[in-house]
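In: just a sequence and a predicted model for now, questions to come.
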Amino acid sequence: MRAVVIEKPRTVQVKEVLKPSPKEGEVIIRVSACGVCGTDVHIYKGEYLGDYPVVPGHEFAGEVIQVGSAVTEFSIGDRVAVEPNLSCGHCRFCRLNEQNFCESWKAIGVGLPGAMAEYVAAPASAVFDIGNLSFETAALMEPLSCVLHGMKKVAVRHDESVLVIGAGPIGLLIAQVARDAGAARIVMVDRVASRLELAQQLVADESINTSEGFEAVQQSFPGGADVVIDATGVPAVIEKTVELVRLGGRILWFGVAANDAVARIKPFDVFRKGLSIYASYTSLRNSREALQLLGSGTVKVNRLISHRLTLEDFERAVKLLEDPEDAMKILLIPLLCS
């Protein structure tokens with residue numbers, strides 16, 4: 001089968017590799033759509049977790065074509081999406097229901113062969129039936145499940161104001177989940193006008209362009225927002241979150257920075273304002289809820305998809321994502337040929 005293979009940082013090719021065969025508890029999925037995530041970009045650049053060589057791709061949906069001998073809950077032809085984070089179930093963290101910190105944690109598309117390929121293997125325990133959802137919509141189950149995990153931590157309440165920094169696909173998912181939680185006012189900021197326009201059409205009460213700085217944001221929240229969420233991973237922006245939140249407010253650092261990036265925060269400011277600062281790593285059994293939100297239309301993702309590319313276009317996708325003027329969510333469609 002054809003697969004994207006990152007041989008080492010910044011070295012990638014599409015080549016023929018062995019098609020997987022199912023172990024007794026696995027299913028084999030023909031990949032219909034696979035999202036290109038910032039994590040994939042970090043792996044490509046050598047900035048994040050990842051064993052090389054690796055077939056990337058952890059946001060995906062497709063059709064079951066084979067089942068292992070011990071699999072009873074899925075059949076050939078089932079339409080499914082996959083939770084890529086795999087835990088052992090018996091270490092200290094798993095027993096605390098913190099499977100995202102499993103001591104034997106593995107992930108499809110990070111250390112295990114991923115879905116930027118024609119076929120991928122997955123444990124049946126990590127597979128979810130998507131019903132009539134389109135494969136493209138269901139491919140966003142994984143990023144939405146990560147958003148849900150983070151949003152449960154910051155716990156947006158009814159009538160609160162929420163400032164979301166970054167109006168890319170993740171920021172727009174965050175804003176929609178905040179609205180569903182009861183946020184009374186959602187303000188989104190970005191440096192890209194087209195993203196802000198989409199934000200206003202989908203969910204935002206107000207959008208602010210920060211290409212000239214954050215003064216307009218501070219004027220919009222003279223006392224600070226109840227909740228401030230960074231969806232950029234940019235250290236300079238992360239630093240701003242402490243300034244932009246109200247006394248006693250809550251901050252979620254959701255965007256993934258490079259592993260050697262440094263942000264300068266004054267601890268006294270955190271102390272003086274009595275802030276609660278949260279971070280969020282992957283997801284924690286949030287996939288079923290994500291599918292419910294997608295299926296009900298509470299969270300809308302179709303307009304977040306900007307490109308549908310071939311496997312051979314992986315490096316093009318990376319370049320597109322480096323310039324947010326050109327791209328939102330990019331899907332690789334293995335059945336497409338260049």
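Out: Received, thanks.
In: ok now stretch 222-239, how far from the chain's centre?
Out: 18 Å (Cα atoms, centre = their mean, to the nearest Å).
In: do stretch 42-49 as well
Out: 15 Å.
In: outside of it, which residues touch it?
Out: Stretch 42-49 is contacted from outside by 6, 8-10, 12, 39, 50, 54, 56, 107, 110-111, 256, 258-260, 318, using Cβ atoms under 8 Å, 6 or more residues apart in numbering. C-beta coordinates here come from the backbone N, C-alpha and C atoms, glycine included.
In: go on, stretch 157-167?
Out: Stretch 157-167 is contacted from outside by 156, 171, 174-175, 178, 181-190, 192, 195-196, 198-199, 204, 207, 210, 217, 221, 225-232, 237, 240-241, 244-245, 255, using Cβ under 8 Å, 6+ apart.
In: just the buried ones from the contacts of stretch 42-49?
Out: Those of the contacts of stretch 42-49 that meet the buried threshold are 6, 12, 39, 50, 54, 56, 107, 110, 256, 318, by 16 or more other Cβ atoms under 10 Å.
In: which single one of those is nearest to residue 27?
Out: Proximity of the buried ones among the contacts of stretch 42-49 to residue 27 (Cβ to Cβ) peaks at residue 107, which lies at 17.1 Å.
In: how about the strands of the stretch 51-200 of the chain, start to end?
Out: 59-67, 79-82, 85-86, 106-107, 119-123, 127-129, 161-165, 185-190 (DSSP state E, counting those that start in this stretch).
In: could I get the ones you listed as TSV with mean pLDDT and distance to residue 289?
Out: Shown next, in TSV, are the strands of the stretch 51-200 of the chain (pLDDT from 0 to 100; distance: least, Cβ to Cβ, whole Å):
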stretch	mean pLDDT	distance to residue 289
strand 59-67	98	16
strand 79-82	98	13
strand 85-86	96	15
strand 106-107	94	20
strand 119-123	98	19
strand 127-129	98	11
strand 161-165	98	19
strand 185-190	98	20
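In: next, count neighbours for residue 312.
Out: Counted by other Cβ atoms under 10 Å, the residues lying close to residue 312 total 15.
In: OK, contacts around residue 245?
Out: Shown in contact with residue 245 (Cβ under 8 Å, 6+ apart): 163, 224, 225, 226, 227, 228, 251, 273, 275.
In: for the closest residue to residue 68 other than its chain neighbours, give its distance to residue 334.
Out: In this structure, residue 68 finds its nearest non-sequential neighbour in residue 22, 4.0 Å apart by Cβ to Cβ, 6 or more residues apart in numbering. As judged by Cβ to Cβ, to the nearest Å, residue 22 and residue 334 stand 18 Å apart.
In: just list the residues touching the residue sitting nearest the centre point of the chain, thanks.
Out: The residue lying closest to the centre of the chain (Cα atoms, centre = their mean) is residue 143, at 3.0 Å. Neighbouring residues of residue 143 by Cβ under 8 Å, 6+ apart: 35, 37, 59, 169, 170, 173.
In: okay, and the beta partners of residue 164?
Out: residue 188, residue 229 (DSSP bridges).
In: next, count neighbours for it.
Out: Residue 164 has 31 neighbours, counted by other Cβ under 10 Å.
In: how near is it to residue 248?
Out: Taking Cβ to Cβ, one finds residue 164 at 19 Å from residue 248.
In: ok, residue 275 next?
Out: In terms of Cβ to Cβ, residue 275 sits 7 Å off from residue 248.
In: so which of these two has more stuff around it?
Out: residue 275 (19 against 11).
In: with adjacent residues omitted, what lies nearest to residue 295?
Out: residue 133 (5.9 Å).
In: let me know whether that neighbour touches residue 291 as I believe.
Out: Yes - under the criterion of Cβ atoms under 8 Å, residue 133 makes contact with residue 291 at 7.1 Å.
In: of the two, which one has the most company?
Out: Neighbour count, other Cβ under 10 Å: between residue 133 and residue 291, residue 291 has more, with 21 against 18.
In: and the helices in the stretch 151-300 of the chain?
Out: 169-181, 193-202, 215-220, 235-244, 267-273, 287-296 (DSSP state H, counting those that start in this stretch).
In: circling back to that earlier point, can you say which of the contacts of stretch 157-167 are buried?
Out: So, by 16+ other Cβ under 10 Å, the buried ones in the contacts of stretch 157-167 are 156, 171, 174-175, 178, 181, 183, 185-190, 192, 195-196, 198-199, 204, 207, 210, 217, 221, 225-232, 237, 240-241, 244-245, 255.
In: buried deepest among the helices of the stretch 151-300 of the chain, which one?
Out: helix 169-181 (a mean of 24; mean count of other Cβ atoms under 10 Å).
In: alpha carbons of it, as PDB, please.
Out: C-alpha atoms of helix 169-181 as PDB (Å, rounded to 0.1, in the frame of the first residue of the first chain):
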ATOM      1  CA  PRO A 169      -9.700  25.000  13.200                       C
ATOM      2  CA  ILE A 170      -8.900  24.300  16.900                       C
ATOM      3  CA  GLY A 171      -9.900  27.800  18.000                       C
ATOM      4  CA  LEU A 172     -13.200  27.500  16.200                       C
ATOM      5  CA  LEU A 173     -13.900  24.100  17.800                       C
ATOM      6  CA  ILE A 174     -13.100  25.600  21.200                       C
ATOM      7  CA  ALA A 175     -15.400  28.500  20.600                       C
ATOM      8  CA  GLN A 176     -18.300  26.200  19.600                       C
ATOM      9  CA  VAL A 177     -17.800  24.000  22.700                       C
ATOM     10  CA  ALA A 178     -17.700  27.200  24.800                       C
ATOM     11  CA  ARG A 179     -21.000  28.300  23.300                       C
ATOM     12  CA  ASP A 180     -22.500  24.900  24.000                       C
ATOM     13  CA  ALA A 181     -21.400  25.300  27.600                       C
END
